[in-house]
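Student: All I have is the shape, not the residue letters:
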């Protein structure tokens with residue numbers, strides 16, 4: 001999968017994704033560091049990438065988010081290494097076709113939810 005990694009995602013999660021064969025573009029490692037969420041969405045749409053973030057603002061409906069794919073992680077206080085099994089499970093569901101994109105997904109330790117906008 002092709003990911004656009006938001007600035008709040010720990011390096012250990014990025015390393016996990018890379019070691020699993022994913023294409024990861026880390027915003028922290030680019031000259032676009034600090035861009036707005038709207039510009040992150042446009043970048044992901046342009047390059048057909050899934051946004052990976054801890055930023056719950058991506059759960060809010062915005063006109064610019066139409067067609068974007070995003071996984072919002074909500075694991076307060078949890079070590080990144082402990083998030084990996086949850087993320088791995090979601091990626092398996094996506095690859096197997098059980099979850100279709102575009103979608104905005106909210107992942108926490110108890111649930112995986114598809115967020116619908118009115």
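Tutor: Nice, thanks for sending it over. This structure is a prediction, so every number in the text was calculated from the model and none was measured.

Student: only C-alpha atoms for contact and neighbour calcs from this point on.
Tutor: Will do.

Student: Tell me how far whichever helix or strand residue 90 is part of lies from the chain's centre.
Tutor: Here residue 90 sits within helix 80-95, counting by DSSP states H and E. For helix 80-95, the separation from the chain centroid amounts to 11 Å (computed by CA atoms, centre = their mean, to the nearest Å).

Student: Excluding its own residues, what touches that helix? List them.
Tutor: Contacts to helix 80-95, defined as CA atoms under 8 Å, 6 or more residues apart in numbering, come from residues 10, 12, 13, 16, 75, 99, 100, 107, 108, 109.

Student: Following the chain onward from it, which element is next?
Tutor: strand 104-108.

Student: was I right about residue 69 contacting residue 103?
Tutor: Yes: with contact defined as CA atoms under 8 Å, residue 69 reaches residue 103; the gap is 4.8 Å.

Student: Please say which of those two ends up with more neighbours.
Tutor: residue 69 (22 against 19; other CA atoms under 10 Å).

Student: so what's that one bridging to?
Tutor: residue 50 (DSSP bridges).

Student: can you tell me how far it sits from residue 76?
Tutor: According to CA to CA, to the nearest Å, residue 69 stands 22 Å off from residue 76.

Student: do the same with residue 57
Tutor: The value you get for residue 57 to residue 76, if CA to CA is used, is 15 Å.

Student: middle-most residue in the protein, spatially?
Tutor: For the chain, the residue nearest the mean C-alpha position is residue 52 (1.7 Å; CA atoms, centre = their mean).

Student: Right, I'll leave it there.
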